[in-house]
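Participant: Provided below are the primary sequence and the corresponding predicted coordinates.
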Amino acid sequence: MKRYFIHRLLLLLPTLFGALTLVFALIHLIPGDPVEIMLGETATSADKQELRRNLGLDQPLLTQYQSFLTNFAAGNLGKSLYEQASVSKIVAARLPATLELALCAMIAALLIAFPLATLAAVNRGRWLDRGALLFSLFGLSLPNFWLGPLLMLVFSIQLGWTPVSGRGGLGQLLRPALTLGLGMAAILTRILRASLLQTMHEDFVRTARAKGLAETQVWLKHTLRHALLSTITIMSLQFGALLAGSLITETIFSWPGIGRLTVQAIQTRDYPLVQGCVLVIAVAYLLVNFVTDLLYKLADPRVSYEK
């Protein structure tokens, strides 16, 4: 396990370097002058030159790239142009809200998908199986920008159970969590059902039954555990999708997280803050994939550092 951990950690470093390079390129190499966008066409040349110097945009691109990597290693993501505060502090203040929303959305998806997929696999071809497939079809078909306002209309305006927007109690958390988690639950239901159907006919499952193990033990200890590998992969990929989808969901529900902060930074042309938000999302995605590699080893000890 130690060698496997070190091997995956060494693979993480060049991937992180590539992500940093890509974020830098997207921000600095896109068409248009960010200084003119921020100040407008009526700004004087002196004001433009001063802002360009403050941002370091008057330096060669390679020098800007080196400064970017050095500042990132030191935990310095620059200074917000709009709020005149450290980008690191602004992002750190918003990050807990996004993590809370993403984790609750994942928990909601797991609570829906695991029992539903298991019931569908056990009752293959019956009405429970067809109902689970129908649910997954609807879950994949409902976009966040439609489901979010629908939940808001039903639970906040029609029933009056929760406030319309903002971060607060469980009711305010449940609506955006369901908005993000329903699509993930639909995908997990399909993937886990297919994995269970494939695994339940393996030789080691038949051997477990032949030994006289209870059906519950066969499903939990052998069938479900072996089927978790593909599910863990989808979960890691979908967690990144949760972070990306939070831009829309957090904006709809006025949730004070990284997603809403990114939209606000784009609207105010706050380039350092946009870059900081994108960096945090990219790094979080990489860390989730790193943890996923470790979960592979825990779920299936046959996984080695060479695979």
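Facilitator: Thanks, I have the structure now.
Participant: for the stretch 151-300 of the chain, what spans make up the helices?
Facilitator: Ranges of helices within the stretch 151-300 of the chain are 170-199, 203-210, 215-217, 224-252, 258-267, 271-299, based on DSSP state H, counting those that start in this stretch.
Participant: cool, the stretch 1-150 of the chain as well?
Facilitator: If DSSP H, counting those that start in this stretch is used as the criterion, the helices of the stretch 1-150 of the chain fall at 2-28, 34-39, 45-55, 61-73, 87-122, 127-141, 144-151.
Participant: any low-confidence regions in the stretch 101-250 of the chain?
Facilitator: Within the stretch 101-250 of the chain, the segments meeting pLDDT under 70 span 160, 164-166, 169, 171, 203-205, 209, 215-223, 225, 244-245.
Participant: which residues does the nearest residue to residue 248 once chain neighbours are set aside contact?
Facilitator: Nearest in space to residue 248, with sequence neighbours left out and distances taken as CB to CB, 6 or more residues apart in numbering, is residue 144 at 4.9 Å. Every residue, glycine included, has its C-beta placed from N, CA and C. Going by CB atoms under 8 Å, 6 or more residues apart in numbering, residue 144 touches 179, 180, 183, 245, 248, 249, 252.
Participant: in space, what's closest to residue 95 - neighbours in sequence excluded?
Facilitator: Once its chain neighbours are removed from consideration, residue 95 has its nearest residue in residue 258; the separation is 6.0 Å (CB to CB, 6+ apart).
Participant: what does stretch 12-32 contact?
Facilitator: In contact with stretch 12-32 (CB under 8 Å, 6+ apart) are residues 61, 64-65, 68-69, 72, 271, 274-275, 278-279, 282-283, 286, 290.
Participant: which two among those residues are spaced furthest apart?
Facilitator: 61 and 290 (30.1 Å; CB to CB).
Participant: ok, the two, which is more surrounded?
Facilitator: Set residue 61 next to residue 290 and count neighbours by other CB atoms under 10 Å: residue 290 wins out with 17 against 12.
Participant: for that one, what are its contacts?
Facilitator: 8, 9, 12.
Participant: so residue 118 sits against residue 196, correct?
Facilitator: Yes - shown here, residue 118 and residue 196 form a contact pair, counting by CB atoms under 8 Å, at 6.7 Å.
Participant: shared neighbours of those two, anything?
Facilitator: Each of residue 224 lies in contact with both residue 118 and residue 196 under the rule CB under 8 Å, 6+ apart.
Participant: pretty sure the residue nearest to residue 95 is touching residue 282, no?
Facilitator: No - when contacts are counted by CB under 8 Å, residue 258 is not listed as touching residue 282 (11.4 Å).
Participant: settle it for me: which of the two has more neighbours?
Facilitator: A count of neighbours by other CB under 10 Å puts residue 258 above the other of residue 258 and residue 282, at 28 against 19.
Participant: against residue 52, how distant is the more buried one?
Facilitator: Summarising the geometry, the distance separating residue 258 from residue 52, computed by CB to CB, to the nearest Å, is 28 Å.
Participant: ranking the contacts of residue 290 by neighbours, who comes first?
Facilitator: Of all these, the most densely surrounded is residue 8 (18 neighbours; neighbours counted as other CB under 10 Å).
Participant: now it: how far from residue 16?
Facilitator: Counting by CB to CB, the gap from residue 8 to residue 16 is 12 Å.
Participant: and residue 246, by the same measure?
Facilitator: Using CB to CB, which is the criterion applied here, residue 246 is 21 Å from residue 16.
Participant: these two: who's more crowded?
Facilitator: Neighbour comparison, residue 246 and residue 16: the larger count goes to residue 246, with 26 against 16 (by other CB under 10 Å).
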